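>>> Okay, sequence plus prediction incoming.
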Amino acid sequence: MRNTLAVLALCTMPAAALAQQEGPFSLPELPYGYDALEPVIDAETMELHHSRHHQSFIDNLNSAVADGDIAEDAQVEDLLASASTQTDRVRNSAGGHWNHTFFWELMAPEGERGEMSSELSEAITAVFGSEDDFRSAFEQAGAGQFGSGWAWLIVDDAGQLQVTSTPNQDNPLMDVAEVQGTPILGNDVWEHAYYLTYNNRRGDYLETWWDVVNWDQVSENYAAALAE
């Protein structure tokens, strides 16, 4: 069944994901092996997610450069900030590239995940009541996102923490986001992120995902967001 699903996933990927488009954008390497997050996320899911799905966003961006839709020296952050003026291909691909590059760094193998900083822990407790209440709010944001999308913990313009969600490959850095801010934590709730292990049980995936979160990185993201 797993192999069948993998073949189906490959067959339904955009053509760009199967024939890489050369250009200025490139796929970042994972900071760990495909099997490093097992059993929370299986190696087959990680390989498909990274080498096929993320690669498709890279290829689409490079195609957009070749077609003259965006400049060769375009920065992803600038494309996000001007998402409302971009084509759907550029908006989705820039968002997908940024989201996944961010996502890979938010996870780590056992022994390398660290702990939440005292500053972040205190801020979470002040806003949500407790770390458990924060996790519940985050899981609810992911489970309640209709269709595909992302759940986020952000620092808003007032320097306060908020949990939010976005559809498709949008994120809170975009000028089209209902709630804007700087992401410090995000989880992918597209089915390709979890289906081989969890099938349609998104809630189980969201609950188990905490076991691979790289709290050192999230804490660094929080400090950097406040410094901005």
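Everything's here; your move.
>>> give me the number of residues near A141?
A141 is flanked by 22 other residues according to other C-beta atoms under 10 Å. In this view, the C-beta of every residue, glycine as well, is placed from N, C-alpha and C.
>>> helices and strands around the helix or strand encompassing it, which ones?
Per DSSP states H and E, A141 falls inside helix 131-144. Under the contact criterion of 3 or more C-beta pairs under 8 Å, 6 or more residues apart in numbering; DSSP states H and E, helix 131-144 touches helix 118-128, strand 149-155, strand 161-167, strand 182-188, helix 202-209.
>>> Output it as PDB, nothing but the C-alphas.
Coordinates of each C-alpha in helix 131-144 appear next as PDB, following Å, rounded to 0.1, in the frame of the first residue of the first chain:
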ATOM      1  CA  GLU A 131       2.700  25.500  27.200                       C
ATOM      2  CA  ASP A 132       0.000  22.700  27.000                       C
ATOM      3  CA  ASP A 133      -2.700  25.300  26.200                       C
ATOM      4  CA  PHE A 134      -0.400  26.700  23.500                       C
ATOM      5  CA  ARG A 135       0.100  23.300  21.900                       C
ATOM      6  CA  SER A 136      -3.700  22.800  22.000                       C
ATOM      7  CA  ALA A 137      -4.300  26.100  20.200                       C
ATOM      8  CA  PHE A 138      -1.600  25.300  17.600                       C
ATOM      9  CA  GLU A 139      -3.100  21.900  17.000                       C
ATOM     10  CA  GLN A 140      -6.600  23.300  16.600                       C
ATOM     11  CA  ALA A 141      -5.300  25.900  14.100                       C
ATOM     12  CA  GLY A 142      -3.800  23.100  12.000                       C
ATOM     13  CA  ALA A 143      -6.800  20.700  12.300                       C
ATOM     14  CA  GLY A 144      -9.200  23.500  11.600                       C
END
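>>> returning to what we had before: determine which stretch of the helices and strands packed on helix 131-144 is the most buried.
strand 149-155 (a mean of 24; mean count of other C-beta atoms under 10 Å).
>>> Any chance you could list what contacts that one?
99, 134, 138-139, 141-142, 145, 161-172, 179, 181-190, 206, 218, 222, 225-226 (C-beta atoms under 8 Å, 6 or more residues apart in numbering).
>>> next one: stretch 168-175
57, 77, 80-84, 91-93, 95-96, 98-99, 147-150, 152, 154, 164, 166, 176-177, 179-183, 186.
>>> for Q169, phi and psi?
phi -110, psi 20 (degrees, to the nearest 10).
>>> quick one: contacts for the nearest residue to it once chain neighbours are set aside?
Nearest non-adjacent residue to Q169, counting by C-beta to C-beta, 6 or more residues apart in numbering: G95, 3.6 Å away. Taking C-beta under 8 Å, 6+ apart as the criterion, G95 is in contact with L80, A83, N168, Q169, D170, N171, M174.
>>> Next one: G95 from R135, what distance?
25 Å (C-beta to C-beta, to the nearest Å).
>>> Surely E228 is in contact with T182?
Yes - using C-beta atoms under 8 Å, E228 makes contact with T182 at a distance of 6.5 Å.
>>> Please parse the protein into its domains.
2-18+35-105, 118-227 (automatic domain parsing).
>>> which of the ones you listed has the lowest average pLDDT?
Lowest mean pLDDT of the domains of the chain: domain 2-18+35-105, a mean of 86.
>>> chain center to it, what's the gap?
Chain-centre distance of domain 2-18+35-105: 10 Å, with C-alpha atoms, centre = their mean, to the nearest Å.
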